[in-house]
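> The sequence isn't on hand, but the structure is:
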């Protein structure tokens, strides 16, 4: 049986990242790194063997003040079993063709009760651009080609953590709305972030100019606010712990010693009879 084809082209991703110059467009990395830094403060633990994964790992180390070992986000991660107590996947998991495999590799590399935090684009990220491109291409070509990568939903991400075997899994979304002068400014910034299309199914030839002209018109019609073009970014933060006997465990159903009604100070009403 042939293996499932990879969703993304790693060579194209490497090329897109290699053409990034400077850090002027890394404001989303800055925001995500700050959020991770704040979450690590809440953990109130000293980590001795942290690892940062991703092509901007050094930038994240600067932003968080964590002296971590830096490794690239390759399909097979450069991690030894139980070799670290903190792993941060730095805003690149959305480009993994096998995100579950990445999560499993990180969990195996953690010592018992080690912490993993992964940040990725998800949810409604770039939904405005996706809609405008899809509508423009449908009008002018009668069909569409994949131009914006699919984004995982929050519930699915929580399920990924459970499948990967993490204890105390938590997945949450931080939404950001960013204003641009035109859709062209948005696309230039995506290029400067290294976040342009690398799907294997993408159209390899040059795109028709009229499609992008029509896209800009639709974008301005549907997503303009106070003369600016709005773009949505949703950053998913996935947090999980390597299982340990010292971790808190959920109680078994029916094992509570106190009635909820008593705790809330209210009167419990009798159950309604079942309809037949």
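That came through fine. These numbers come from a predicted model, not from an experiment.
> Would you mind measuring from residue 220 to residue 213?
11 Å (C-beta to C-beta, to the nearest Å). (Each C-beta comes from the backbone N, C-alpha and C, glycine too.)
> out of these two, which sits in the busier spot?
Just comparing residue 220 and residue 213: by other C-beta atoms under 10 Å the higher neighbour count belongs to residue 220, 14 against 11.
> Assign the more buried one to helix, strand or coil.
helix (DSSP: H, G, I helix; E, B strand; the rest coil).
> Show the end-to-end separation of stretch 115-134, please.
Chord length of stretch 115-134, first to last residue, is 40 Å (C-alpha to C-alpha, to the nearest Å).
> Give the residue spans of the stretch 1-150 of the chain that score low on pLDDT.
Applying pLDDT under 70 to the stretch 1-150 of the chain flags the ranges 1-4.
> Spatially nearest residue to residue 194 (excluding sequence neighbours)?
Ranked by C-beta to C-beta, 6 or more residues apart in numbering and with sequence neighbours excluded, the top spatial neighbour of residue 194 is residue 17, at 4.1 Å.
> in this structure, which spans are helices?
Shown for the chain, the helices assigned by DSSP state H span residues 10-18, 27-43, 57-64, 99-109, 127-141, 154-163, 183-193, 209-223, 260-264.
> Those into TSV, with extra columns for distance to residue 245?
Below are the helices of the chain laid out as TSV (distance: least, C-beta to C-beta, whole Å):
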stretch	distance to residue 245
helix 10-18	39
helix 27-43	19
helix 57-64	29
helix 99-109	16
helix 127-141	43
helix 154-163	19
helix 183-193	42
helix 209-223	51
helix 260-264	29
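> closest one to residue 76 among those?
helix 99-109 (7.5 Å; C-beta to C-beta).
> from the chain's centre, how far out does the closest one sit?
Mean-position distance between helix 99-109 and its chain equals 15 Å (C-alpha atoms, centre = their mean, to the nearest Å).
> Go through it and flag the buried ones.
99, 102, 103, 104, 105, 106, 107, 108, 109 (16 or more other C-beta atoms under 10 Å).
> For residue 86, see how far away the fifth one is.
Distance from residue 105 to residue 86, counting by C-beta to C-beta: 15 Å.
> do the first one as well
According to C-beta to C-beta, residue 99 and residue 86 sit 19 Å apart.
> residues near the closest residue to residue 147 other than its chain neighbours, how many?
Nearest non-adjacent residue to residue 147, counting by C-beta to C-beta, 6+ apart: residue 133, 5.0 Å away. Residue 133 has 24 neighbours, counted by other C-beta under 10 Å.
> So what does the nearest residue in space to residue 72 that is not next to it in sequence have for phi and psi?
Spatial nearest neighbour of residue 72, excluding adjacent residues (C-beta to C-beta, 6+ apart): residue 55 at 6.5 Å. With angles defined as degrees, to the nearest 10, residue 55 sits at phi -70, psi -20.
> number of nearby residues for residue 55?
Under the criterion other C-beta under 10 Å, the count of neighbours that residue 55 has is 19.
> Check the one 3 residues further on too.
Close neighbours of residue 58, defined as other C-beta under 10 Å, add up to 13.
> Grab the most central residue of this structure for me.
residue 120 (1.7 Å; C-alpha atoms, centre = their mean).
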